[in-house]
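Asks: Build the 3D model from these lines:
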Amino acid sequence: MEKYVIHGGSALTGEVSVSGAKNAAVAILPATILAGGKCVIENLPSISDVYTSVHILREMGAEIRMLDRSTVEIDTTHITTEVVPEELSRQMRASYYFLGALLGRFREASVAMPGGCDLGPRPIDQHLKAFTSIGAVDSMEKGMIQVSAPKLTGSHVFFDTVSVGATINAMLASVMAEGTTVLENVAKEPHIVDVANFLNTLGADVRGAGTDVIKIRGAASMHGGNYTIIPDQIEAGSYMAAATITGGDVLVKNIIPKHLEPITAKLERAGASIEEFDEAVRITRSGPLQATNIKTMPHPGFPTDMQPMMTVLLSLAQGTSIITEGIWENRFRYVDELLRMGANIQVDGRVAVVEGVGELQGAPVRASDLRAGCALVIAALSANGVTEVEEVSHIERGYESIVEKFANLGADIHRGGKPSSTLQPAF
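Replies: The predicted structure is shown next:
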């Protein structure tokens with residue numbers, strides 16, 4: 001099994017360029033089905049979740065051509081099936097976006113219950129609520145979710161909880177429904193806006209993305225188009241946290257500073273100095289890390305995906321910090337691994353009390369999910385001694401070239417063990 005071997009203790013210095021947003025990419029790729037034509041997607045991150053999405057599209061009959069490392073041409077004109085291959089759909093959570101895209105274009109879809117990180121129950125009841133509101137019926141057979149509709153008609157949908165996945169799936173399913181669909185209590189994350197902008201590029205009429213209410217006027221047909229995915233705010237935040245923890249001096253490039261405001265505010269409170277530019281931020285730290293409290297919330301609150309990295313940072317801060325997880329009930333599973341490295345953290349349900357320690361010690365640890373894995377890498381970079389991080393396939397679901405990027409910043413990090421069986425590019 002492939003692992004990362006990290007010798008900690010070096011301050012990170014230099015420049016790092018952020019890749020395209022994972023959470024936008026894994027929704028935009030299925031959305032190309034709605035075009036029924038040729039789409040060129042730029043700033044696509046080279047990560048395993050993207051490889052899986054592209055592999056699914058190819059298996060369903062799409063023509064795929066890689067134009068360069070981060071640009072792919074996808075022609076979905078001749079999609080031949082409304083069934084997503086079961087084995088592939090189980091490899092990632094975002095496979096459920098194929099439900100909305102296929103339903104929107106073909107009025108039927110069949111997708112296996114999605115896989116991905118185990119962060120607690122992730123019901124898709126709100127997705128199905130949106131589908132049924134516009135005229136679909138759903139069923140479950142042998143682990144496959146099936147939705148179909150003789151006709152899709154615009155409707156009013158009020159989500160019981162704020163859900164990124166349900167918001168995106170509702171947009172995908174309703175862009176070609178007859179009439180107007182109104183979505184209320186929707187998610188407002190930057191990648192919601194990015195998906196809406198992409199759909200509008202294809203001829204949809206989606207308005208209000210980024211607010212509490214999204215209105216969609218159904219289009220009779222869609223067409224191909226070119227689109228550039230936004231930078232990944234969580235990847236940017238991860239490198240910002242790593243620079244802060246190690247006391248480094250790092251310029252994080254290819255970002256949208258406004259998307260980082262909740263992260264920037266907490267890092268500054270913890271002791272970082274952050275200088276903003278048009279498409280970059282510079283992170284330094286001269287004084288000690290300071291304790292602070294964090295509660296994760298839907299955007300524009302502090303993002304849950306940054307919580308593990310901040311827990312590592314606060315493990316080395318002076319004083320006591322309280323972290324409250326407002327999104328996923330199993331997000332603190334990685335804490336046991338940090339305890340092996342010498343952290344002092346007490347977890348009670350969705351609340352963690354973090355007592356700062358002088359330093360962390362290298363130890364063998366295991367990544368339990370994508371963001372936890374990145375947090376362990378960052379902990380290892382700041383630790384005294386050698387850390388081996390196993391099950392790195394989780395990390396490579398969402399971080400492009402993470403070993404190479406950290407190494408370019410001066411980290412002593414390399415791959416060890418047997419090569420992973422992670423799905424490779426299918427372009």
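Asks: for the chain, what helix or strand is lowest in average pLDDT?
Replies: Least confident helix or strand, the chain: helix 86-89 with a mean of 87, by mean pLDDT, DSSP states H and E.
Asks: low pLDDT regions in the stretch 251-400 of the chain?
Replies: Low-confidence segments of the stretch 251-400 of the chain (pLDDT under 70): none present.
Asks: bridging residues for Glu15?
Replies: When bridges are called by DSSP bridges, Glu15 pairs up with Leu251.
Asks: Tell me who's in contact with it.
Replies: Val250, Leu251, Val252, Lys253 (CB atoms under 8 Å, 6 or more residues apart in numbering). Every residue, glycine included, has its C-beta placed from N, CA and C.
Asks: Need the pLDDT of it.
Replies: With respect to pLDDT, Glu15 has a value of 98.
Asks: swap in Lys405?
Replies: Lys405 carries a pLDDT value of 98.
Asks: ok so, going back, what's the least confident helix or strand of the chain packed up against?
Replies: Other elements packing on helix 86-89 under the criterion 3 or more CB pairs under 8 Å, 6 or more residues apart in numbering; DSSP states H and E are helix 48-59, strand 108-112.
Asks: and stretch 182-198, C-alpha only, in PDB?
Replies: Output in PDB follows, covering the C-alpha atoms of stretch 182-198 (Å, rounded to 0.1, in the frame of the first residue of the first chain):
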ATOM      1  CA  VAL A 182     -37.900  27.800  -7.400                       C
ATOM      2  CA  LEU A 183     -35.500  26.300  -4.900                       C
ATOM      3  CA  GLU A 184     -35.500  27.700  -1.300                       C
ATOM      4  CA  ASN A 185     -33.100  27.200   1.700                       C
ATOM      5  CA  VAL A 186     -30.400  26.300  -0.700                       C
ATOM      6  CA  ALA A 187     -26.600  26.000  -0.200                       C
ATOM      7  CA  LYS A 188     -24.600  29.000  -1.100                       C
ATOM      8  CA  GLU A 189     -21.000  27.700  -1.500                       C
ATOM      9  CA  PRO A 190     -18.800  29.100  -4.300                       C
ATOM     10  CA  HIS A 191     -19.100  25.800  -6.200                       C
ATOM     11  CA  ILE A 192     -22.900  26.200  -6.300                       C
ATOM     12  CA  VAL A 193     -22.400  29.400  -8.100                       C
ATOM     13  CA  ASP A 194     -19.800  27.800 -10.400                       C
ATOM     14  CA  VAL A 195     -22.200  25.000 -11.400                       C
ATOM     15  CA  ALA A 196     -24.900  27.500 -12.100                       C
ATOM     16  CA  ASN A 197     -22.600  29.600 -14.200                       C
ATOM     17  CA  PHE A 198     -21.600  26.500 -16.200                       C
END
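Asks: related to what we said a few turns ago, please identify the buried residues of the least confident helix or strand of the chain?
Replies: Residues of helix 86-89 classed as buried under the neighbour-count rule (16 or more other CB atoms under 10 Å) are Leu88, Ser89.
Asks: Outside of it itself, list whatever touches it.
Replies: Contact partners of helix 86-89, identified using CB under 8 Å, 6+ apart, comprise Thr52, His55, Ile56, Glu59, Ser95, Phe98, Val111, Ala112, Pro114, Gly115, Gly143, Met144.
Asks: So which elements touch the very next helix or strand once past it?
Replies: Elements were assigned by DSSP states H and E; along the chain past helix 86-89, the next helix or strand is helix 97-106. Here helix 97-106 touches helix 22-35, strand 108-112, helix 125-133, strand 144-148, helix 164-174, going by 3+ CB pairs under 8 Å, 6+ apart.
Asks: For Leu289, which non-adjacent residue is closest in space?
Replies: In this structure, Leu289 finds its nearest non-sequential neighbour in Ala317, 3.9 Å apart by CB to CB, 6 or more residues apart in numbering.
Asks: Next up, the contacts around the one you found.
Replies: Residues in contact with Ala317 (CB under 8 Å, 6+ apart) are Ala270, Gly271, Pro288, Leu289, Gln290, Ala291, Thr292, Val354, Gly356.
Asks: Give me the buried subset of those residues.
Replies: For the contacts of Ala317, buried by 16+ other CB under 10 Å: Ala270, Gly271, Leu289, Gln290, Ala291, Thr292, Val354, Gly356.
Asks: wait, what's in contact with the last one?
Replies: For Gly356, the contact set (CB under 8 Å, 6+ apart) comprises Leu289, Ala291, Leu314, Ser315, Leu316, Ala317, Gln318, Gly319, Thr320, Ser321, Asn344.
Asks: Which members of those occur in strands, if any?
Replies: Among the contacts of Gly356, the members found in strands (DSSP state E) are Thr320, Ser321, Asn344.
Asks: Tabulate the residues you listed (CSV), appending neighbour count and distance to Glu86.
Replies: As requested, those are exported to CSV (neighbours: other CB atoms under 10 Å; distance: CB to CB, whole Å):
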residue, neighbour count, distance to Glu86
Thr320, 13, 47
Ser321, 24, 43
Asn344, 13, 44
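Asks: Thanks a lot, catch you later.
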